[in-house]
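Q: build me a structure from this.
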Amino acid sequence: MNYEVKIKRIHEDAKIPLQANPGDAGMDLYSIEDVEIPPGEARLIKTGIQLELPKGTEAQVRPRSGLALKHSITVLNSPGTIDEGYRGEIAVILINHGKSEFLVEKAMRIAQMVIQTVPQVHLVEVDELTKTARGEGGFGSSGTK
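A: The predicted structure is shown next:
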C-alpha cells in the first residue's frame, strides 16, 4: 500500500528523510544542529521538518542500530509516536548510555522513522475476560529459557 506523506522544511539545513535502500521500512532522520550529549543525559535534537501524515497512520521514531552499538546512543522514548494530527517540528530525544560524551553533528543520521497504519479500536468494558493458559502471569511467567 502506498501513502503520500506531505513534508515541509522549516529550517534551511533540514534534510528530507530517506530510505537508504528500496524496501527499507525506516527512513533516516537528520539533525539540523550540533549538540553534545554527556554520559547518562538526554537531549532533544531538532530535524527542521514537519509532516502531514495520512488519516489512519502514525510515524514511529526508532533508534539507529549503528549509533546504539558503536556509541550507546538510543531514542529515549522508543518508539516515539508522531500522531497524524501533529503538525509541529519533528524532534528526537536521544540519550547517551555510553561512558563518554557524544557529539551529534549537523546532518548526522540520528534516528529512523517508520510509517505505520493504525487500526480504529473500540474498547468494550466487560465484567469478565476469557480464560487462557497464561492467565494473569506477568513478567517472566513464560519461563527462564
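
Q: show me the residue at the heart of this protein, geometrically.
A: Residue closest to the mean C-alpha point of the chain, counted by Cα atoms, centre = their mean, is residue 61 at 1.2 Å.

Q: doesn't that one lie inside a helix?
A: No: counting by DSSP: H, G, I helix; E, B strand; the rest coil, residue 61 is not found in a helix; it is strand.

Q: for it, give me its contacts.
A: 29, 75, 78-82, 90, 92, 111-113 (Cβ atoms under 8 Å, 6 or more residues apart in numbering). C-betas here are computed from N, CA, C, even on glycine.

Q: of those, buried ones?
A: The neighbour-count test (16 or more other Cβ atoms under 10 Å) applied to the contacts of residue 61 identifies 29, 75, 79-80, 82, 90, 92, 111-113 as buried.

Q: and the closest residue to residue 37 other than its chain neighbours, how many neighbours?
A: Computed as Cβ to Cβ, 6 or more residues apart in numbering, the closest residue to residue 37 that is not its neighbour in sequence is residue 96, at 4.2 Å. For residue 96, the tally of surrounding residues (other Cβ atoms under 10 Å) stands at 23.

Q: much appreciated, bye for now.
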